[in-house]
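K.L.:
when you get a sec, could you give me coordinates for this:
(chains A and B)
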Amino acid sequence: MQLESMYQEIILDHYRHPHHKGLRDPFDAEVHHVNPTCGDEVTLRVTLKDAAGEAAVADVSYESLGCSISQASTSMLTDMVIGKTVAEAMDINGEFLRLMQSRGETAPDEDVLGDAVAFEGVSKYPARIKCALLGWMAWKDATARALAEADAETADSAGPAETTGPAETTGQTDREHR
Amino acid sequence: MTAAGEITKAAGESALLAPLDSDAIRADFPILGRAVRGGNPLIYLDSGATSQKPRQVLDAERDFYTMHNSAAHRGAHLLGEEATDAYEGARVRVADFIGADPGEIIFTKSATESLNLVAYAMSNAATAGPEAARFRVGPGDEVLVTEMEHHANLVPWQQLCQRTGATLRWFAVMPDGRLDLSNAGELINDRTKVVAVTHQSNVTGVIPPVAEIARLAHARGALVVADAAQSVPHRQVDVSEIGADFLAFSSHKMLGPSGIGVLWGRRELLAAMPPFVSGGSMIEVVRMEGSTFLPPPERFEAGVPPAAQAVGLAAACDYLDGLGMDRVAAHEEELTAHGLEAVTAIPGLRVLGPLTTEDRGGALSFVVDGIHPHDVGQVLDELGIAVRTGHHCAWPLHRALGAQASTRATFYLYNTHDEVDALADGIRKAQKFFGTA
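P.N.:
Model prediction:
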């Protein structure tokens, strides 16, 4: 059966026992993404930190409703980006996007993707690519918002002091990822 | 409140009807002979999304393009005449199929466009002449829909309210998937300008009592729009029995080509209704300062008409009438009864909607404990079984029934008992694969 090529054991493991699930405080940005064709949704928060002058991923927390592929993919994402610099994590995100758009034609870069190479089988099913990308696109969006907020705060700090708590920096979006 | 009369009648007569000859019918549908994933034969249970097309429809469309193709209602040449005759002949055929007058049949691009046509005509009425007064809506007026609508019969009305300041209200859905009509007397009132309701749910198969709702609405002077995209393909529909003022359906769900839909409207209403899409073909006199419009149906058919699609749709009507819509309905009722029995025997499965075929069509949506519908659909696809997964363009209905999404099988005249059994087997295989049973 071809099913095993899509539902690799590691994917089913993440689906049954998701990592880093649940929404945690504090956070720098929160987004809500949906897959309008099936109603799958994820609310995802990112917390950034400073790592030797570079922005890094301190935490990614989320609540989600969806199929095994979207749940496992979001779980694996958190494993892969927490602790990385934002630049490294964006590279991983880009490589995962390339894998999902490959239709199974190009071999994934295991050095960059690690366990996420297990999603190669999913890339052969166009209808499921959106499922696999739901959490990854939400993370990218949330991170971009967190960085933009951080930039805005840096600019503000040159002027009159005005502190902005994390709750007010929350971004909310409802939109289809690509 | 009484049930839709025509269905009760069909069910009562079904015992006397000769069953459809599945083998002969399937031979007319070339696609049903192909293999899909894993070399499995195709089991197509997604006709609620779009139906397959018989050779007769494909041949009719091909013949038009091969021998008669040209722009209908234009051209000083023989082909133009033939295309016009073919297109207008299709209008007569479609009218006959639903017991209407040909002048009341408007060809659109889809059922969705048909519903939008009415909704936009109602806001365009604000700037049209006094004849369009009864279509005007504004602040203080109410637009009434139901929680079980397909997005195509919900979003256009939300948008109409947004454009005009009218208030959107809706009938709620009960846990069994039927409409809650207990507050009909309050919901349908003197402020109600239009009631838009499905003639058959695309998720639960529920057949709401449209005739009864129309009676209440008309008593208050409201217009009634019925979304018949899921009823016209599957049972005998006679516009004189429904009581609605407008009826929308699409060709591609009833064996016809995609790209053409139908709006039926009462003659006197169409005559007073302002246009939605404007341009060529729908004008009477055009000057730089302004234009006047043709009477219906042309007023609502701007642009070169979809003649080949109309010809294909007419062939689909011939095909369906050749079998007999009462036999089609009886066949689907039998499959639905079998399907309900087969899937409700599966532990951990919940059907969305009624568990009997009473006032219910052949849409069978369900959720399986512990397995997301997308994953159920993936296992079924692996077995060659085509179903739909998600919310099927009826998100509020899923919310009302406490389901994030569902898996949906829909039955049509070419489906068989064995295919329904294969569906039930496939669901059990999915449970085994994901370790939930």
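K.L.:
and the longest helix seen in chain A, what does it pack onto?
P.N.:
Counting residues, the longest helix found in chain A (DSSP state H) is helix A:126-157. Secondary structure elements in contact with helix A:126-157, counted by 3 or more Cβ pairs under 8 Å, 6 or more residues apart in numbering or on different chains; DSSP states H and E, are strand A:29-35, strand A:40-51, strand A:54-65, helix A:68-81, helix A:86-100, helix B:373-382. Quick note: C-beta positions are derived from backbone N, CA and C, even for glycine.
K.L.:
host element of B:Thr50?
P.N.:
Assessed by DSSP states H and E, B:Thr50 sits outside every helix and strand.
K.L.:
and for it, the neighbour number?
P.N.:
Summarising burial for B:Thr50: neighbours were counted as other Cβ atoms under 10 Å in any protein chain shown, giving 14.
K.L.:
kindly report the same for B:Asp141.
P.N.:
Counted with other Cβ under 10 Å, residues neighbouring B:Asp141 total 19.
K.L.:
so it sits against B:Arg169, correct?
P.N.:
No: contact status for B:Asp141 versus B:Arg169: not in contact, 10.6 Å apart, counting by Cβ atoms under 8 Å.
K.L.:
so what sits against both of those two?
P.N.:
Residues touching both B:Asp141 and B:Arg169 (Cβ atoms under 8 Å, 6 or more residues apart in numbering or on different chains) are B:Thr192.
K.L.:
if I look at the spatially closest residue to B:Ser110 that is not a sequence neighbour, how far off is chain A?
P.N.:
Leaving aside its sequence neighbours, B:Ser110 sits nearest to B:Gly261 (Cβ to Cβ, 6 or more residues apart in numbering or on different chains; 4.0 Å). Taking Cβ to the nearest Cβ, to the nearest Å as the measure, B:Gly261 and chain A are separated by 22 Å.
K.L.:
who does B:Gly261 bridge with?
P.N.:
Note on B:Gly261: beta-bridge partners by DSSP bridges are B:Thr108, B:Ser250.
K.L.:
give me every residue that touches it.
P.N.:
By Cβ under 8 Å, 6+ apart, B:Gly261 lies in contact with B:Phe107, B:Thr108, B:Lys109, B:Ser110, B:Ala111, B:Thr112, B:Glu113, B:Ser114, B:Ala248, B:Phe249, B:Ser250, B:Ser251.
K.L.:
ok, now B:Val420?
P.N.:
B:Leu335, B:His338, B:Gly339, B:Ala342, B:Ala409, B:Phe411.
K.L.:
among those residues, which are in strands?
P.N.:
Judged by DSSP state E, the subset of the contacts of B:Val420 located in strands is B:Ala409.
K.L.:
who wins on neighbours among the contacts of B:Val420?
P.N.:
Neighbour counts for the contacts of B:Val420 (other Cβ under 10 Å) peak at B:Ala409, which has 31 neighbours.
K.L.:
one step back: ok, so of the contacts of B:Gly261, who is nearest chain A?
P.N.:
Compare each of the contacts of B:Gly261 with chain A using Cβ to the nearest Cβ and the shortest gap goes to B:Thr112, at 15.8 Å.
K.L.:
any figure for the gap between the closest residue to chain A within the stretch 101-250 of chain B and B:Glu333?
P.N.:
In the stretch 101-250 of chain B, the residue found nearest to chain A is B:His151; the distance is 10.0 Å by Cβ to the nearest Cβ. When distance is defined by Cβ to Cβ, to the nearest Å, B:His151 is 27 Å away from B:Glu333.
K.L.:
could you do B:Val239 as well?
P.N.:
Look at B:Val239 and B:Glu333: by Cβ to Cβ, they are 22 Å apart.
K.L.:
could you do B:Ser281 as well?
P.N.:
In this structure, B:Ser281 and B:Glu333 are 41 Å apart, going by Cβ to Cβ.
K.L.:
equivalent analysis for A:Ser75, please.
P.N.:
Distance, A:Ser75 to B:Glu333, using Cβ to Cβ: 45 Å.
K.L.:
pretty sure A:Ser123 contacts A:Ala107?
P.N.:
No: with the criterion set as Cβ under 8 Å, A:Ser123 and A:Ala107 do not qualify as a contacting pair; they are 11.2 Å apart.
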